[in-house]
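[1] Give the three-dimensional model of this entry:
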Amino acid sequence: QVQLVESGGGLVQAGGSLRLSCAASGRTFNMGWFRQAPGKEREFVALRWNGGGTYYADSVKGRFTISRDNAKNTVYLQMNSLKPEDTAVYYCAAEIAPPYCSGSGCYRPQEYDYWGQGTQVTVSS
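    Numbers count the residues shown, from 1 in each chain. Below is the predicted model of the structure:
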């Protein structure tokens, strides 16, 4: 059993920045960030593969950066140039055991084994 605890959400004006953190209580493999706005499905935001590679949704590419501190067992999402359409509950997710996702399969929420409780990000215009 792995617990994921997110923090760092809040209210920010358009153009501002926030950094989300996700601390894992145990060993994880691939780590991702997803978000869900009211009335919408949960959508992929960013992924950090265990080998160090990263991938982003087109909507956040160039503005968001995912990183990982292995010593702290924590993954981060640095969000810059925030827009009102970024408003959502942000969730981190972890794969901890095979079969591990690959390629575009990693963008599907059902590929992940554990989820955090979510943290609200609100961007005002």
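[2] Now do the worst-scoring helix or strand of the chain on mean pLDDT: distance to the chain's middle.
    Least confident element among the helices and strands of the chain, by mean pLDDT, DSSP states H and E: strand 54-56 (a mean of 93). Distance of strand 54-56 from its chain centroid, counting by Cα atoms, centre = their mean, to the nearest Å, is 10 Å.
[3] got a list of contacts for the helix or strand just after it?
    Downstream of strand 54-56, the first helix or strand assigned by DSSP states H and E is strand 64-69. Residues outside strand 64-69 that contact it (Cβ atoms under 8 Å, 6 or more residues apart in numbering) are 31, 33, 45-48, 54, 56, 74-80. (Each C-beta comes from the backbone N, C-alpha and C, glycine too.)
[4] Of these, just the buried ones, PyMOL syntax please.
    Buried residues among the contacts of strand 64-69 (16 or more other Cβ atoms under 10 Å), as a PyMOL selection:
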select buried, resi 31+33+45+46+47+48+56+74+75+76+77+79
